[in-house]
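Trainee: Curious how this folds, go ahead:
(chains A and B)
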Number of protein chains: 2
Amino acid sequence: MSSDDIPDIVVSRLPLYLRALSRLALEGAKITSSHELGKRLGISSAQIRKDLSHFGEFGKQGTGYQIGYLTDQLRRILKVEREWKVALVGAGDLGRALAHYNGFRDRGFRISLIFDSDPAKVGTILNGFQIYDDAQMGALIPQHGISLAMIAVPAEAAQKVADALVAAGVRGLLNYAPLNLAVPEDVRVQYIDPVVHLQRMTYYVEP
Amino acid sequence: MSSDDIPDIVVSRLPLYLRALSRLALEGAKITSSHELGKRLGISSAQIRKDLSHFGEFGKQGTGYQIGYLTDQLRRILKVEREWKVALVGAGDLGRALAHYNGFRDRGFRISLIFDSDPAKVGTILNGFQIYDDAQMGALIPQHGISLAMIAVPAEAAQKVADALVAAGVRGLLNYAPLNLAVPEDVRVQYIDPVVHLQRMTYYVEP
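Mentor: Numbers count the residues shown, from 1 in each chain, chains lettered A, B, ... in the order given. Down below sits the predicted model:
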């Protein structure tokens, strides 16, 4: 089955299943069920079974899922059984926090190329990696075979950075700048903006 | 119309509309259209008109939206025409980046109470605020009238922190720890996990 046949909303839930499975494994569990996963994730068990059925037969009625096996299969489906090198643009507070975050490695990612436009930062070392000037993206990104990048620059600079990353061959952008990016159709963008999440809650919460 | 009548998926898009409007205003625009907003956001103009129609009549066919007016109305609907004080738990790399982030203030939020469990950090100052011990959440959060919190602690500590925040009266949690939290039904949780976003892209991107 090709990627195009599976709704993106289904794909978007697979990382959550994978995360919950890793958590269960950490807790020492070997077997789980769509019911247990659903309870943890606030997703119906029927939805989970339906989502997984797009990709194959991962458990038997009544016996549940082998956590190790389902984890391996989801990793393979999401292509994170390998390690992806990721470029980081922006070595400010957020960029530094991302560079130091130790939750990427065991989930398929490693920040291995860092850029900043500030001459005072260029040439310094962040988490073992030299910070390069933004102008070097076009040369270094293809050289390192990198197709994913995180944008952690101010909003004003983000579109220009995105353009340079895309021109350098990046096909997936995780954008922390608080604005929507214009990118070609074959480039994926995911957004992280804490204010969007907070505003989504204030609608419901009494001040 | 009460909150309950409007689908959460509609509410979830309002912060994006507000963000795009602010961007347009920064660029000097006074008037926009559902078409222009849609193009910026990758959302159909019909969807935008339908979403907004849940809350009233904000523009006239053919003349578009007054950006200032629509911004004010969306701020009012999302209750961010006021400033919400937010508690931050965890003063590690991420917590420090959040404490220094200057994108909260003009969008309705201010981190004004910071906690950490590390005795070496407690009592020190972060971005002008003293860091308090986690044990003081129960006393300080109600005292400061805080109903929103961000969790920036390791996964192992997150559920315990969430429990303490909820017990202290917090009703909206922005959780950066990479796991799902169990909370009472009247508590909202939003999640930020960069790996989930990255894994959602690797499915589509050729390595």
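
Trainee: What score does the spatially most central residue of chain A have for pLDDT?
Mentor: The residue lying closest to the centre of chain A (Cα atoms, centre = their mean) is A:Leu174, at 7.1 Å. pLDDT recorded at A:Leu174 is 98.

Trainee: Tell me the secondary structure at it.
Mentor: Recorded secondary structure, A:Leu174: strand (DSSP: H, G, I helix; E, B strand; the rest coil).

Trainee: Please look at it and B:Val195 and confirm they touch.
Mentor: No. Counting by Cβ atoms under 8 Å, A:Leu174 does not reach B:Val195; the two are 9.7 Å apart. Yep, even glycine has a C-beta here, placed from its N, CA and C like the rest.

Trainee: ok so, going back, give the contact list for the residue nearest to the centre of chain A.
Mentor: Contacts for A:Leu174 (Cβ atoms under 8 Å, 6 or more residues apart in numbering or on different chains) come out as A:Leu148, A:Ala149, A:Met150, A:Ile151, A:Val189, A:Gln190, A:Tyr191, A:Ile192, B:Pro194, B:His197, B:Leu198, B:Met201.

Trainee: ok, the residues you listed vs A:Asp118, which is closest?
Mentor: Of all those, the one with the least separation from A:Asp118 (Cβ to Cβ) is A:Ile151, at 15.3 Å.

Trainee: where's the closest one relative to A:Asn175, distance?
Mentor: In this view, A:Ile151 and A:Asn175 are 5 Å apart by Cβ to Cβ, to the nearest Å.

Trainee: Give the intersection of the neighbour lists for those two.
Mentor: Shared contacts of A:Ile151 and A:Asn175, defined by Cβ under 8 Å, 6+ apart, comprise A:Ala158, A:Ala162, A:Leu181.

Trainee: and the helix or strand of chain A with the lowest mean pLDDT, which strands flank it?
Mentor: When the helices and strands of chain A are compared on mean pLDDT, DSSP states H and E, strand A:59-60 comes out lowest with a mean of 74. Neighbouring strands of strand A:59-60 in its sheet, by DSSP bridges, are strand A:64-66 (antiparallel).

Trainee: got the contact list for the partner strand?
Mentor: Contacting residues not belonging to strand A:64-66 are listed as A:Lys30, A:Ile31, A:Thr32, A:Ser33, A:Ser34, A:Glu36, A:Leu37, A:Phe58, A:Gly59 [Cβ under 8 Å, 6+ apart].

Trainee: mind checking pLDDT for A:Ser2?
Mentor: pLDDT, A:Ser2: 51.

Trainee: And A:Gly138, by the same measure?
Mentor: Predicted confidence (pLDDT) for A:Gly138: 97.

Trainee: Tell me how far stretch A:122-138 lies from the chain's centre.
Mentor: Distance of stretch A:122-138 from the chain centroid (Cα atoms, centre = their mean, to the nearest Å) equals 22 Å.

Trainee: Show the end-to-end separation of that stretch, please.
Mentor: 16 Å (Cα to Cα, to the nearest Å).

Trainee: what about that stretch and chain B, touching?
Mentor: No. Judged by Cβ under 8 Å from any Cβ of the partner chain, stretch A:122-138 and chain B are separated, with a smallest distance of 10.1 Å.

Trainee: One more: stretch A:44-58?
Mentor: No. On the criterion Cβ under 8 Å from any Cβ, stretch A:44-58 is out of touch with chain B, staying 10.7 Å away.

Trainee: Quick one: mean pLDDT over that stretch.
Mentor: Average pLDDT, stretch A:44-58: 93.

Trainee: follow-up on the earlier one: most neighbours of all the contacts of strand A:64-66, which one?
Mentor: For the contacts of strand A:64-66, neighbours were counted using other Cβ atoms under 10 Å in any protein chain shown, and A:Leu37 has the most, 24 neighbours in all.

Trainee: List the residues that contact that residue.
Mentor: Each residue near A:Leu37 by Cβ under 8 Å, 6+ apart is listed here: A:Tyr17, A:Ala20, A:Leu21, A:Ile43, A:Ser45, A:Ile48, A:Tyr65.

Trainee: Turn those residues into CSV, including neighbour count.
Mentor: Below are those laid out as CSV (neighbours: other Cβ atoms under 10 Å in any protein chain shown):
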residue, neighbour count
A:Tyr17, 24
A:Ala20, 22
A:Leu21, 23
A:Ile43, 18
A:Ser45, 15
A:Ile48, 22
A:Tyr65, 25
